[in-house]
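Student: Quick one: sequence plus predicted model below, questions after.
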Amino acid sequence: MFRKLAAAVVDGPARLASLHPVELTALLELAWNVRVSVPGPPPPPTGHPDHRSDTPGLTIPPVPLPVLNPPNPTGAPPGLANVFVNLLVRAPAFGGVRWDHLIYAYMIGNTRIRPIFRRVVHELLHAEKLGAPSEGTQLWLRNTEELFFRDPPPFSITTITSSVRPSIDTTERQAYYRMFGLDLNHGNDDNSPYEFVKVAAANKEFVTSFEELLRETWIGFINLNTTSGAKPTDDAKIEDLARKLNSQLLDRRRFGNLSRDEFYLVAMLSWFHMTVENINLPIIRDLRAEGTTAEQVLFKIAQMVGLPANGLSDHYFQVADAISAVLIAIETGVLQIPGAARAFYDPAFPNNLSGTMNTIITHWSAITGHDVKAGKVAVR
Amino acid sequence: MSASNDPKDAQQAPQAPEAASGSGIGSVLATLDQVFSTFRAQLQDQAPEPFDGAAKVAVDTFNDIVAGLNFRSLPAAPEIAAEPISSTEIELTWTDDTLNAEGYTVRRCQGRDCTDFVDVKQLSPTARSFRDASLSASTTYRYQLVAFNLRGETPSDPVTVTTKAI
C-alpha cells in the first residue's frame, strides 16, 4: 500500500516518510474506505477481490489534518498529505483502491526485514551506536515506531491486536499459516523456533496446487510454438488448478475473514520494502546503507544490527509483486473459465500475465529449491 | 508461389529418389535447409493470435488488477507543442507531472486536415521530447501524442506544424 502509493507521485517516498503519523493512519483509513467494491447485481461474495469486506472504517476529518510545519509560527497546515489524499479520493473513479495480496506480505516478511528494522528502531531510540538520527530520519523513526511497534490506535481499521491476540508476530504468522499453510522461514531473533498455535483450518494444499500450476504453465511456455507432434500443454488442468486455488483461498476469506489482517500486514511490510528500495531516504543515508538493490541495502542494515537477513532476499523482493497480482486474479475466478488457460503462458500483447508467471516460476524455484521447470518423474 | 516455395512440396522433396541418391548428401542437406527455412519463415511471419473469449477476459482482468495495485487511472491527455527545427526535422515537447503513463506513442499524418495517423515511435514514460527526422521540406504534418498505461490510451489534441523551406 505505502510503497505503491509513494511510487505514484513525484518524490513520493520522501514525502510519505515525512508526514505526521496521524496522517499516515488517516491515509490507511481512507484507502480502506474507498476499497474496490463492485455493487453487482449480484455483488461478489464478501472476501472476493472485488468485495473484500463489509467492515466499516472511520470517516477521517477533512484533509489537510491540523498538522504543523516545524516550526510554524503562523499555524498554517503544510498540506503535504494532499497529494496522497487526492490519489485515494480519485480511486473510486477507476474502481477503487486495491491492496496487495497477503502473499506479498509473506514474501517480504521472509526477508526478515521487520525484525531487522525493529532492531534499527531500538538502536536509534536507545543508543547512538548507529549515530544520531538526522531530522529526516527522526520523522521516519517516529512514523515507524508509532505505526508498527506500538499499541494500535483504538477503533482504527488497522488495529489487529488486543488483549485476546496481543502479539502482532503471532497474528502475522497465523494469517500466513491459515491462508497458505506456511510459516515464515525464520524463528526468533536467537534463531529458536517461533512457537504459535497452528490452527486446523489452514490451506495445507496451497503449495502443492500452486507448484502444479507453475509446472503446467511452464509446459505451456515451452510448447507455445509447437506445431507438429504431441503438444503436452494441458489447458483443462491449468484451469482446474486455478479453480482449486480459487476455492482454497476464498474459503479462508469467507465473509471477509482475514481482510483487515491482510490490509494491515501488507501496509506494514510495504513500508519497510519502500524504505530499503529508496536510498535517498534520510534513514538510509544516515545509516550509510546505500546499495544498488533492496537486498544489498537490507544486508548492510542487517549487518549493522547483528541480525542476518535471508540469503535469498533478492528473490523474495522480486517475486512479491508478481505473485500478489496473480493470486488476486485467481481469486476473481476469471482464470478458471474454460478457454482462459492460454492467458497464463501466451505472451501476445497485451497480456502481462504470462510474463508475470515467468517471473514467479524463476524465483519460486530459487526460493523453494523445487525446480518447477523440471518434468515430473513417475515413481513405479 | 513457385513450387520450390510451397512448404508441402518442399517437405516431400527429400523423399524423391533423384534428390536423395542423384546429387549426394550435399543436395539432401540443401533441400532440408530449404524445408526448415520455409518453416522458420512461416513461424516468424505468423501474427500472434489475438485473445478472445475467456482468455481475453482473463488478460483484461489481470491488467486491470495490476493497474489498480499501482494506483493507475487512465492517463491524462498530454499537452504537446511542435516546432520546426529544419527542412527535415520537427521537435515535439510535452509536460506530464502525473506519473501515470507507462509510455507514449507518437503518431503522425501528412496534411493540414489529415486524420490517418500512423505510429511513428514508442517512447518511455520519462521522455518529454521527440525529434522527428527525415521529413519533407515545406510540408505540413499533424502530430498526436498518445499516453498509455494498463488501463488504456489517452490521445492529445493534434498539433499542426510545417517543416521549414530548403
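Tutor: On my side now, so go ahead.
Student: isn't A:Ala6 right up against A:Leu16?
Tutor: Yes - A:Ala6 is within contact range of A:Leu16, at 4.6 Å (criterion: CB atoms under 8 Å). C-beta here means a position set from N, CA and C on the backbone, and glycine is covered the same way.
Student: who has more neighbours, those two?
Tutor: Applying other CB atoms under 10 Å in any protein chain shown to A:Ala6 and A:Leu16 shows that A:Leu16 carries more neighbours, namely 27 against 22.
Student: Give me the pLDDT for the more buried one.
Tutor: Here the pLDDT value assigned to A:Leu16 is 92.
Student: Just the element for it, please.
Tutor: Using DSSP states H and E, A:Leu16 sits in helix A:12-17.
Student: so how far is stretch B:60-75 from its chain's centroid?
Tutor: With CA atoms, centre = their mean, to the nearest Å as the basis, stretch B:60-75 stands 23 Å off its chain's centre.
Student: Also stretch B:131-141?
Tutor: For stretch B:131-141, the distance to the chain centre is 21 Å (CA atoms, centre = their mean).
Student: Can you show me the strands along chain B?
Tutor: Under the criterion DSSP state E, chain B contains strands at B:79-84, B:90-95, B:103-110, B:118-123, B:129-132, B:140-149, B:152-155, B:159-162.
Student: which of those strands sits most buried?
Tutor: When you average the neighbours per residue for each of these (mean count of other CB atoms under 10 Å in any protein chain shown), strand B:140-149 leads with a mean of 21.
Student: A:Phe148 reaches A:Trp271, doesn't it?
Tutor: Yes - using CB under 8 Å, A:Phe148 makes contact with A:Trp271 at a distance of 6.9 Å.
Student: Specify which residue of those two has the higher count of neighbours.
Tutor: More neighbours surround A:Trp271 than the other of A:Phe148 and A:Trp271, with 25 against 20 (other CB under 10 Å).
Student: what distance separates the helix or strand containing that one from the middle of the whole chain?
Tutor: Per DSSP H and E: A:Trp271 is located in helix A:259-277. In terms of CA atoms, centre = their mean, the centre of helix A:259-277 is found 5 Å from the chain centre.
Student: Can you name the element that comes right after that helix?
Tutor: Past helix A:259-277, further along toward the C-terminus, the next helix or strand under DSSP H and E is helix A:282-286.
Student: For the chain, give me the ranges with low pLDDT.
Tutor: Answering for chain A, as no chain was given. Applying pLDDT under 70 to chain A flags residues A:62-64, A:68-79, A:376-380.
Student: my bad, chain B
Tutor: Using pLDDT under 70, chain B drops low at B:1-23, B:39-47, B:97-98.
Student: got the residues of it near chain A?
Tutor: Residues of chain B lying close to chain A by CB under 8 Å from any CB of the partner chain are B:43, B:48-51, B:53-55, B:57-59, B:61-74, B:97, B:99-100, B:150-151.
Student: how about 6 Å then?
Tutor: By CB under 6 Å from any CB of the partner chain, the part of chain B that sits against chain A consists of B:48, B:53-55, B:57-59, B:61-63, B:65-66, B:68-71, B:73.
Student: Now, of the residues you listed, which are buried?
Tutor: B:54-55, B:57-59, B:61-63, B:65-66, B:68-71, B:73 (16 or more other CB atoms under 10 Å in any protein chain shown).
Student: what is B:Thr93 paired to in the beta sheet?
Tutor: According to DSSP bridges, the partner residues bridging B:Thr93 are B:Ala81, B:Ser129.
Student: Could you do the one 10 residues further on as well?
Tutor: Under the criterion DSSP bridges, B:Gly103 forms beta bridges with B:Phe148.
Student: separation between it and A:Asn358?
Tutor: Taking CB to CB, to the nearest Å as the measure, B:Gly103 falls 21 Å from A:Asn358.
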